[in-house]
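Peer 1: Attaching a predicted model along with its sequence, questions to come.
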Amino acid sequence: MLNMITLWALGTGEIILIALVVLLIFGGKKIPELMRGLGKGVSQFKKGVREVDDEINTSLNDLEKK
C-alpha cells in the first residue's frame, strides 16, 4: 500500500515536466478552454453531491418527525 502512495508523490520537477507535456500536446490556446470545461464539471459534480445530501437530510428529517 505504501508503494501506491509514493507513486503519486510528485515533486516540483515532475509537475513541471507534466505541465510542459500538456502544453506541447494541447497548445497554449486550447488549455484555458480545457480548464474551463474541467471547472464546470467540478461545479456540476459538487452541485449533484449537495443535492443528494439535501435529499438524504430531508428524508431523515421526515422519518424523525413520524
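Peer 2: That came in fine, so what should we check first? Residues are numbered from 1 along each chain as shown.
Peer 1: burial count for residue 28?
Peer 2: 7 (other Cβ atoms under 10 Å). Just so you know, the C-beta spots here come from the backbone N, C-alpha and C atoms, and that holds for glycine as well.
Peer 1: Then residue 31?
Peer 2: Counted with other Cβ under 10 Å, residues neighbouring residue 31 total 14.
Peer 1: how close does it get to residue 66?
Peer 2: Residue 31 is 53 Å from residue 66, where distance means Cβ to Cβ, to the nearest Å.
Peer 1: pLDDT weak spots in the protein?
Peer 2: By pLDDT under 70, the low-scoring segments of the chain are 1-8.
Peer 1: ok, residue 24 to residue 17 distance?
Peer 2: Counting by Cβ to Cβ, the gap from residue 24 to residue 17 is 11 Å.
Peer 1: ok, these two, which is more surrounded?
Peer 2: Neighbours were counted for residue 24 and for residue 17 using other Cβ under 10 Å; residue 17 has more, 12 against 8.
Peer 1: does the more buried one sit in a helix or strand, and which one?
Peer 2: helix 12-26 (DSSP states H and E).
Peer 1: For residue 54, give its distance to residue 22.
Peer 2: Between residue 54 and residue 22 the distance is 36 Å, computed by Cβ to Cβ.
Peer 1: Pick out whichever of those two has more residues nearby.
Peer 2: More crowded of residue 54 and residue 22, by other Cβ under 10 Å: residue 22, with 13 against 10.
Peer 1: Just give the nearest non-adjacent residue to that one, would you?
Peer 2: Counting by Cβ to Cβ, 6 or more residues apart in numbering, residue 31 is the residue found nearest to residue 22 once chain neighbours are left out, at 7.1 Å.
Peer 1: Was I right to think that neighbour contacts residue 25?
Peer 2: No - the pair residue 31 and residue 25 does not pass the contact test of Cβ atoms under 8 Å, sitting 9.7 Å apart.
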